[in-house]
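>>> take a look and give me a structure for this.
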Amino acid sequence: MRFDRLKVGIVGLGEQTMDNLLPSLYLSQYASIVAICDIDEAKLSATSAKTGVLSRYTDYRQMIDCENLDVVVISSFPEVHFQVARYAMQQGKNVFVEKPPVSNTEQLKELIGLARVLPVKTGVGMNFSYTDSHKILKEILSEHDFGDISFVSVEHVSSKPVSPLWNLDTTVESFLLAQLIHPLDYILALGGSYHSLNVHCSKLHSPFFIQLMIEFDNGIIGCLKSGSFYPRFKHEVEVISNTGNTVRISDLSSVEVTRKNLPTPFNLRAKNCATVYTPSPLKSGYSKAGYTVEFNAFFESILFDTEYYHTFGDMLHVYKALDQIKLQIDYRSSDCRLPLPVTEKTY
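Okay, the predicted model is just below:
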């Protein structure tokens, strides 16, 4: 199939762009980076020299107006994401925004409204759902003999944030947008709509620990643990079916499947059988972490009019859940005795 590569402009040359997004874009067969933008002239010059991209701007409006772009990729502060995405969409540009896409639900609703009336595609960088391990998980869950999901557990911890980020007011608000948004999106995608979400959290806000118990409408029970207390990044997922089969993902890469009462060789009569998948150490880390895959999926949605999951609209239920979580955290941190909202019918 013949197609012209999409012309991409990048806004924001921070750590996430340089470490993950820029290399992943260069690995995509669908895109060509034609312009870069950052308010820091030194970053612009260094990136231009490293990549050979000559068109560079300190004003995103000027880049969008002057360059014939197909896609604007944005990675900066949430407030910048909102401002740049809104302007780019109004100029008819497709936009891909690194998480968190915006600062709050109202901003997200505004961008969703624009996407409904403008001929543009939108995407949010939620790479965990595009990892090799998640692809394997979906394949296993679709197998007839695995059974229906009964329980989902996600543990997602790191050593940050320990102070407010992105000009936000509190460390907790920063934690919700910088850390919790990823595992929350992940567990909601597996469980679906829910009717009860209960928050348990530490009184200390730096470091911070939170546990969510979620009752989904389909009977699935979910447990999400997260925090900024751990000395390294750790991401663990366990899914248990109603037949006792389990899948465990460790740190986005290794997958262990344990099946109950399957025949075993040599008459060992083991109670279960475990199969472990470990990715090749030679495989690109950008692919294993999902960055290249999510970019390709988004670009294919533009070129071939396919579906892309994680549009602005797809993120609305996550932001509504974040609002509910923040309300419960604020309640537990205060001396008020208003009724605690622990149930809500969602999407």
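
>>> quick one: neighbours of the spatially closest residue to I210 that is not a sequence neighbour, just the number.
The shortest distance from I210 to any residue other than its chain neighbours is 4.4 Å, reached at C201 (C-beta to C-beta, 6 or more residues apart in numbering). Every residue, glycine included, has its C-beta placed from N, CA and C. Here the number of neighbours of C201 (other C-beta atoms under 10 Å) works out to 19.

>>> separation between C201 and L180?
11 Å (C-beta to C-beta, to the nearest Å).

>>> which neighbours do those two share?
Residues touching both C201 and L180 by C-beta atoms under 8 Å, 6 or more residues apart in numbering: I210.

>>> point out where the stretch 1-150 of the chain drops to low pLDDT.
1-2 (pLDDT under 70).

>>> what segments of it are strands?
Using DSSP state E, counting those that start in this stretch, the strands of the stretch 1-150 of the chain run over 6-11, 31-37, 55-57, 71-74, 94-98, 122-125, 149-157.

>>> in CSV, list the ones you listed along with mean neighbour count and distance to T131.
Formatted as CSV, the strands of the stretch 1-150 of the chain follow (neighbours: other C-beta atoms under 10 Å; distance: least, C-beta to C-beta, whole Å):
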stretch, mean neighbour count, distance to T131
strand 6-11, 23, 22
strand 31-37, 22, 20
strand 55-57, 17, 32
strand 71-74, 26, 20
strand 94-98, 26, 16
strand 122-125, 26, 13
strand 149-157, 19, 13
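
>>> and of the ones you listed, who's closest to F298?
Judged by C-beta to C-beta, the one of the strands of the stretch 1-150 of the chain that comes nearest to F298 is strand 122-125, at 4.1 Å.

>>> packing partners of that closest one?
Helices and strands touching strand 122-125, as assessed by 3 or more C-beta pairs under 8 Å, 6 or more residues apart in numbering; DSSP states H and E, comprise strand 94-98, helix 291-304.

>>> again, only using 7 Å
strand 94-98 (3 or more C-beta pairs under 7 Å, 6 or more residues apart in numbering; DSSP states H and E).

>>> list the contacts of the strand it packs on.
Here strand 94-98 makes contact (C-beta atoms under 7 Å, 6 or more residues apart in numbering) with 16, 21, 70-75, 81, 85, 88-89, 120-125, 298, 302.

>>> just give the nearest non-adjacent residue to the residue nearest in space to the middle of the chain, would you?
In the chain, the centroid-proximal residue (C-alpha atoms, centre = their mean) is M126; its distance is 2.3 Å. In space, M126 comes closest to H310 once its chain neighbours are excluded; the distance is 4.8 Å by C-beta to C-beta, 6+ apart.

>>> now A321
Closest residue in space to A321, ignoring its immediate chain neighbours: L184 at 6.0 Å, by C-beta to C-beta, 6+ apart.
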